[in-house]
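Trainee: predicted model follows, preceded by the sequence.
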Amino acid sequence: MKTIYIDSEFKCHVTDDGTMTAVETDVFDGKCDTFIEGYRYIPEGQSWTREDGTVFRGQMVAPWRDYGLLAAAQAQYEKDQAESAELEAAFQYLMTGGTA
Amino acid sequence: MAYKFVNADQLDADMAAVANAIRSKGGTSDKLAFPNGMISAISNISTGVELDFDVVTYASEEALLAATPAENTIGVITTNKITGYSFSAEALAEAVEGMVWFNIGTSSQVAFSATKKNPIMVYPLSAKQYVDGALGDVTCWTYQNGAWVEWATPGLLYDSGNENIGLTGGWISGTPVVYNSSFKLPGSLDISIDDSGLLTATETVANGNSVLYMKNPIDLSNYSTLKFTGSYYSGNSLHCMLGIWTEFGIYKDDNIAAKLSSTSTSKNRDTYVVDVSKLSGPHMIGFYMFGTSSSQVTMQKMWLE
């Protein structure tokens, strides 16, 4: 579960610029900031109108940026996380004198 | 005029052998008179693959349904001239104006053999025509067994009992994903369809996990909105949702691209919508239900626009 912030267009942000609404959700657990900020989160009881006039009601989570770009960012993030974990494990191994 | 003496029995046998060879190649059982009948039969032997279908355009569904063409006629409803066509499982990489791409799969309600001899089965699913620089959906029917049969309707996912199997593969239930590592019991859905085609699915296993979903991934390219008329409800917003997955992972939110979660008002029959304008390619679509608080889904219609 993490706190994200939504603006007046219900776009998600990882930090609050002082005008946003805080939302607690687990839908973005494990996701990088780029992925999160490519999404729109409409809470229950609220609605958003797309430029073509279609009205979307909460509780909806859907990307406002091309999902392919978000997926690529997330994949790179997970790769970087895995490499960092490997480096950390190797460092710890060395610091403990090569013992398990 | 000169005459030759021949063995009559041998001549009859030889003539029969020639005639049999002609009949075999020509696919006929007719008696063949020598020489003209044989000459004619040989002339009629096809030297290439003979197609057993035709593609015809109709300006409207009314015009199509009023026609009685040859068997295996594919009727394409379009006002744009068809300049060529292709049957393939992947969209045209290069296309010219007017060309039609017939999308094929491994099963179809309008399967047909493309050839008269040595059948080559084709399983059409849907079609798009290249008009003004872009591929757009066109509706197709095939004339089979003396009647028109409609192909999978583009974008229709369920309508009052019609599962549009050519596109969706049918609606099925199972446990492709679970709530989390602590709650992973397989569920079981009680599914019924009433006379109006309203589908009702209820989770029957306490703490059970079920998904009611379309067997086929659905290509969301060229669509901006997923709409669904019905209801979806659980007492907890985490326990029931309309999900759009890039593929099923392990847990319900793995690979979720978009979703509508249950709310206090989603118990009401209404038309609910999801923004899919930024999604493209194949996605799994369905309802995840967790067996507490009586998770239930009713569905009259689901479609893409």
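Mentor: Yes, it's here. Numbering: from 1, shown residues only, chains lettered A, B, ... in the order given.

Trainee: which residues sit in contact with residue B:140?
Mentor: B:74, B:75, B:76, B:77, B:102, B:124, B:126, B:127, B:150, B:151 (CB atoms under 8 Å, 6 or more residues apart in numbering or on different chains). Where C-beta positions appear, they are placed from N, C-alpha and C, glycine not excepted.

Trainee: OK, contacts around the closest residue to it other than its chain neighbours?
Mentor: Excluding its sequence neighbours, the residue lying closest to residue B:140 (CB to CB, 6 or more residues apart in numbering or on different chains) is residue B:151, at 4.4 Å. Contact analysis of residue B:151 by CB under 8 Å, 6+ apart lists B:108, B:109, B:110, B:124, B:125, B:126, B:127, B:139, B:140, B:141, B:142, B:166.

Trainee: the contacts of residue B:140 in strands, which ones?
Mentor: Under the assignment DSSP state E, those contribute B:74, B:75, B:76, B:77, B:102, B:124, B:126, B:127, B:150 to strands.

Trainee: still on that earlier bit, just the closest of the contacts of residue B:151 to residue A:62, please.
Mentor: Among these, residue B:126 lies closest to residue A:62 (CB to CB), at 24.6 Å.

Trainee: report the beta-bridge partners for the closest one.
Mentor: Beta-bridge partners recorded for residue B:126 (DSSP bridges): residue B:103.

Trainee: quick one, what contacts the residue most central in space within chain A?
Mentor: Centroid-nearest residue in chain A: residue A:36, 2.5 Å away (criterion: CA atoms, centre = their mean). Going by CB under 8 Å, 6+ apart, residue A:36 touches A:4, A:12, A:13, A:14, A:28.

Trainee: now it: phi and psi?
Mentor: phi -60, psi -40 (degrees, to the nearest 10).

Trainee: show me where the chain has helices.
Mentor: Assuming you mean chain A. Along chain A, counting by DSSP state H, helices occupy A:33-36, A:67-95.

Trainee: meant chain B, my bad for not saying
Mentor: B:8-26, B:36-43, B:61-66, B:165-168.

Trainee: up against chain A, what does the stretch 151-300 of chain B have?
Mentor: B:224-225, B:237-238, B:246, B:253, B:256-265, B:272-280 (CB under 8 Å from any CB of the partner chain).

Trainee: look through the stretch 1-150 of chain B and state the residue closest to chain A.
Mentor: Nearest residue of the stretch 1-150 of chain B to chain A: residue B:91, at 16.5 Å (CB to the nearest CB).

Trainee: tell me how far that residue lies from residue B:102.
Mentor: Using CB to CB, to the nearest Å, residue B:91 is found at 11 Å from residue B:102.

Trainee: more crowded one of the two?
Mentor: Taking neighbours as other CB atoms under 10 Å in any protein chain shown, residue B:91 and residue B:102 compare with residue B:102 leading, 20 against 14.

Trainee: which ones are touching the more buried one?
Mentor: Residue B:102 makes contact with B:74, B:85, B:86, B:87, B:88, B:124, B:126, B:127, B:140, according to CB under 8 Å, 6+ apart.

Trainee: hmm, 6 Å instead?
Mentor: By CB atoms under 6 Å, 6 or more residues apart in numbering or on different chains, residue B:102 lies in contact with B:87, B:124, B:127.

Trainee: before we move on, what about residue B:122?
Mentor: B:87, B:104, B:112, B:114.

Trainee: PyMOL command to pick out the buried ones of those?
Mentor: Selecting just the buried residues from these in PyMOL takes one command, with 16 or more other CB atoms under 10 Å in any protein chain shown as the test:
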select buried, chain B and resi 87+104+112
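
Trainee: next to chain B, which bits of chain A? Give me the list.
Mentor: With CB under 6 Å from any CB of the partner chain as the criterion, chain A meets chain B at residues A:27, A:44, A:54, A:56, A:59, A:60, A:61, A:62, A:63, A:66, A:67.
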